[in-house]
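Enquirer: Sequence and predicted model, in that order:
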Amino acid sequence: MLVRDQAARAGINLFGLVDAARFDRCQPKERRLGNVLRGCGTAVVLGTAGRGLLQAQAGLPAGREAGDARALAAVRATAMASRSVGPCTLVLAGVDTPVNFARLGEAAGFGAVSPVSGLFLHPEFGPWLRVRAALLFPGYPFGAIAEASIADRFHPCCSCARPCLTACPAAALDGAGGQRSGQCEQHRLDGGCELVCCSRQACPLGADHQDAPHLPLHGHDCAVKRRVFRVFAWLRRVTLVVRGRPPA
Ligand code: SF4
Ligand code: SF4
């Protein structure tokens, strides 16, 4: 598939298709894909995991912002390639998005949300992944979409000693999948966990795929940036309609 190949070349190493109608049946009214694109049938879910993005775009600047910029460039390259299939709507993951991207990642078969830490876990990459965006298409330009979720059979936390909980210096994880986001954010505003989330780092899953120290690609967002983001959130458009040629 051309779009999948382009995504892989750009560094998007998680690529999955979700049947939007099936997904929406399990989502609260306000978080449905159909609200973003009326008649949406297909969601192409894009994510990055491990150091793939680093290898795909070697020689570029380091740092957290640089990592996010690389991911955005990879998403945009994939969205442009998708014009060969037809018009689609690009939805970027982030604060205040209209879609639950962790659940979308689950539906795409990337992994499962931990009932202990709330981290999104992949069987190979552990917590070192991030769902970046979705391309929403009307109808089914890629054909019928099979159920891909592995959440019903992937339960790594059941047999784990839960080091993610004790590793958090701010006691921000409640052990039931919830995060006391205020405590986490305050800790990071105070300069803690600047480059890496200690809970993520303590998870034994996918330990070989941890972010490179100079390019944190899959940690929490920068706390300061998040606050600034909230102040200006109303200015930001989270969706961008990518116009393309209709399917042949
Ligand atoms: S970023 Fe730090 S404070 Fe926040 S959950 Fe991770 S370990 Fe805890
Ligand atoms: S450390 Fe264990 S309990 Fe915590 S997220 Fe990882 S697998 Fe789950």
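Expert: Ah, there it is. Ligands and ions are numbered 1, 2, ... in the order given.
Enquirer: which residue is nearest the centroid of the chain?
Expert: By Cα atoms, centre = their mean, the chain has its centre lying nearest to Val131, at 1.3 Å.
Enquirer: I'd like the distance between Ala43 and Leu215.
Expert: Distance, Ala43 to Leu215, by Cβ to Cβ, to the nearest Å: 28 Å. All C-beta spots, glycine's among them, are computed from the backbone N, C-alpha and C.
Enquirer: In terms of neighbours, single out the busier of these two.
Expert: It is Ala43, of Ala43 and Leu215, that has more neighbours when counted by other Cβ atoms under 10 Å, with 28 against 20.
Enquirer: Over to the more buried one. Which of the three states is it?
Expert: Secondary structure, DSSP: H, G, I helix; E, B strand; the rest coil: Ala43 is strand.
Enquirer: my read: it touches Ala134, true?
Expert: Yes. Counting by Cβ atoms under 8 Å, Ala134 is a contact partner of Ala43 at 4.8 Å.
Enquirer: Quick check: neighbours shared by those two?
Expert: Val18, Leu33, Leu104 (Cβ atoms under 8 Å, 6 or more residues apart in numbering).
Enquirer: any idea of the mean pLDDT in the helix or strand hosting Leu90?
Expert: Assigned by DSSP states H and E, Leu90 falls within strand 88-92. Averaged over strand 88-92, pLDDT sits at 95.
Enquirer: Beyond it, next helix or strand please.
Expert: Next helix or strand after strand 88-92 toward the C-terminus (DSSP H and E): helix 101-107.
Enquirer: Can you spell out which helices and strands pack onto the helix or strand that comes right after that next one?
Expert: Downstream of helix 101-107, the first helix or strand assigned by DSSP H and E is strand 112-113. Applying 3 or more Cβ pairs under 8 Å, 6 or more residues apart in numbering; DSSP states H and E, one finds that strand 112-113 makes contact with helix 101-107, strand 120-121.
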